[in-house]
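In: The amino acid sequence is not available; the structure is as follows:
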């Protein structure tokens, strides 16, 4: 009897020790890899250790009834927890594991279910003494039967998508035989008449259970090792892939482009090879308006179009955010080249199908040729890149590299540095051109203009630096700088008891951007300026480019109390319907119609019609470019509301503008 007791004790203690050791290892692995199935496996093996420990303690000691009930509860709950969490872990190894309620339930919810089932197996035998004869059936045989079903299900779940893995095959073997062991043992005990505690076959059963536990633990550890090795191989392959290809589009990256381009240039040294840099126009605006994910879809669709193009480019690479490089070979004439360029532009202009709707874009292309521009891949890429950025600055659709473009780029970079520094150091100066009210012959507003007091180049007029502002894309920064200085000036003039509106020109890019309203609100609040003292002048084309959006912007500004006027009226493509709906305060006739008005009947009729049209729409009208007394008198006779021009006054420095305001009426000669 003593050897049997020792054998039982050794087996149970070994099972508990092995299960605890495996659960400890899996707990550490789960902290490292942060995988849900590892946490499930750790829970399963820890529950198995508690299950075996409670059986051993019940066998060794005769605890009082409350403690005995608790031990029975832990035994049943631990056995169910082992089988259920093992099955859950196997299901969680699937990719994805979604769709299985066992995987989606939280561990707390699962333990709550296990405890409820355990309570149904234990508590009735505590409350009802007459049910003792059924206790072994419910707490042993039924439990082992359910555990066998769960273990066989776990083996089947893994078998359905088993890989060529020793760990997975060993895990299937262990769980399948373990489930079969429980099923066989349950059937044998139900058919056997021998008491369970006296049966020597129980030792065989426990030894087999220990063997299968070791097999399962070994299988899980081998599986983890194989998974780690497989992951490392995948990461290595991914790293190799990313060393050559762009992750988002699958196109070549810049380094791979240079390597392959150099090889092709070496092989075809005498043939003209054209390297094109193609970039999407206003792609940043696309990302801001439709979102980054849809912007990524645009790039992916564009890459497919380029790769599948009838041009069959030798290389397609993504060298920047929205910039692609294409190598064209077998171009033997300028006609072929022009056809290729038009085809690429048409590929881009074809609508992109996105979840949010269709999107149409344009592109800019810079180009360099191997036979004329560079004999190295790096040099050719650099020349194409210079041509591309020059095309962007000049706002032209396509541009080929020409010698000397580097100097132009360097000059523009120098201008950019100086312009940004000028805004920071307040080298830019506001000038004010008065707008004369024709009814009372008094100034009723000033248009704000900008000059540059350059430390080396001297006093610069707008025509000497504004073209560089547009080429460098600094229009928004300059607009905001002027806007801020204008609001600051209004605040300063208010302290001098001068309450005259200032009109600020707004570039189309800035006016079309969302957030302009918030910027203006912040400035008005910062300087405590009434909104009716600020007027924004937008060009006719800026307002009508996107009529619906332009109308909404104007309405928002008008609701704030800010005046909005249409500048250069007559030079664009206004829609009278939208012009009628927009709450425009003022319409400004372009100077080109006013200058020749006295000697040109057509211009005279156009100006007269514009004035009548504006009054018919309930708008005030102002004529620009008034330089003679004849022009002024003609406009007065046509009932023009206001005028501005050199005959009234040239743009004035702030000191001269303030002096002019203090005069009761304008002294017109």
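Out: Nice, I can see it. Only a predicted model underlies this, so the values are computations on that prediction, with no experimental measurement involved.
In: Helix or strand with the lowest mean pLDDT in the protein?
Out: helix 540-544 (a mean of 55; mean pLDDT, DSSP states H and E).
In: What are the boundaries of the helices in the stretch 301-450 of the chain?
Out: 334-349, 377-394, 405-424 (DSSP state H, counting those that start in this stretch).
In: Most tightly packed of those helices?
Out: Among those, helix 377-394 has the highest mean neighbour count (mean count of other Cβ atoms under 10 Å), at a mean of 21. Bear in mind the C-beta positions are built from the backbone N, C-alpha and C, glycine included.
In: out of the helices of the stretch 301-450 of the chain, which comes closest to residue 73?
Out: helix 334-349 (70.3 Å; Cβ to Cβ).
In: Quick one: list the elements packing against that closest one.
Out: With contacts defined as 3 or more Cβ pairs under 8 Å, 6 or more residues apart in numbering; DSSP states H and E, helix 334-349 has these neighbours: strand 274-280, helix 292-307, strand 323-328, strand 363-369.
In: Please identify which of the ones you listed is closest to residue 491.
Out: The nearest among those, by Cβ to Cβ, is helix 292-307 at 39.2 Å.
In: Pull out the buried residues from the closest one.
Out: 294, 295, 297, 298, 299, 301, 302, 303, 305, 306 (16 or more other Cβ atoms under 10 Å).
In: got the angle between that helix and strand 363-369?
Out: 40 degrees (axes from the mean of the first three to the mean of the last three Cα atoms, to 10 degrees).
In: just how off-centre is helix 292-307 within its chain?
Out: With Cα atoms, centre = their mean, to the nearest Å as the basis, helix 292-307 stands 14 Å off its chain's centre.
In: what's it in contact with?
Out: Residues from elsewhere that reach helix 292-307 (Cβ atoms under 8 Å, 6 or more residues apart in numbering): 248-251, 278, 280, 283, 286-287, 313, 316, 318, 322, 324, 326, 344, 347-348, 350, 352-356, 359, 361.
In: between the buried residues of helix 292-307, which is nearest residue 493?
Out: Taking those together and measuring to residue 493 by Cβ to Cβ, the closest member is residue 295, at 44.8 Å.
In: Let me know the pLDDT of the closest one.
Out: We have a pLDDT of 85 for residue 295.
In: was I right about residue 81 contacting residue 113?
Out: No - using Cβ atoms under 8 Å, residue 81 is not in contact with residue 113, being 10.3 Å away.
In: Quickly list what's touching both of these two.
Out: With Cβ under 8 Å, 6+ apart as the test, residue 81 and residue 113 reach no residue in common.
In: Just give me the neighbour total for residue 455.
Out: 11 (other Cβ atoms under 10 Å).
In: Next, it: phi, psi?
Out: phi -70, psi -30 (degrees, to the nearest 10).
In: Pick out the residue nearest the middle of the protein.
Out: residue 292 (3.3 Å; Cα atoms, centre = their mean).
In: Excluding residues flanking it in the chain, which one is nearest residue 409?
Out: Using Cβ to Cβ, 6 or more residues apart in numbering and skipping the chain neighbours, the partner closest in space to residue 409 is residue 386 (5.8 Å).
In: Now do the strands in the stretch 401-550 of the chain.
Out: In the stretch 401-550 of the chain, the segments counted as strands under DSSP state E, counting those that start in this stretch are 428-437, 442-454, 458-460, 502-506, 534-539.
In: Repeat that for the stretch 1-150 of the chain.
Out: According to DSSP E, counting those that start in this stretch, the stretch 1-150 of the chain contains no strands.
In: Show me where it dips below the pLDDT cut-off.
Out: For the stretch 1-150 of the chain, applying pLDDT under 70 flags the ranges 1-5, 94-100, 127-136, 138.
In: try the stretch 501-650 of the chain
Out: In the stretch 501-650 of the chain, residues with pLDDT under 70: 508-510, 512-514, 540-550, 570-581.
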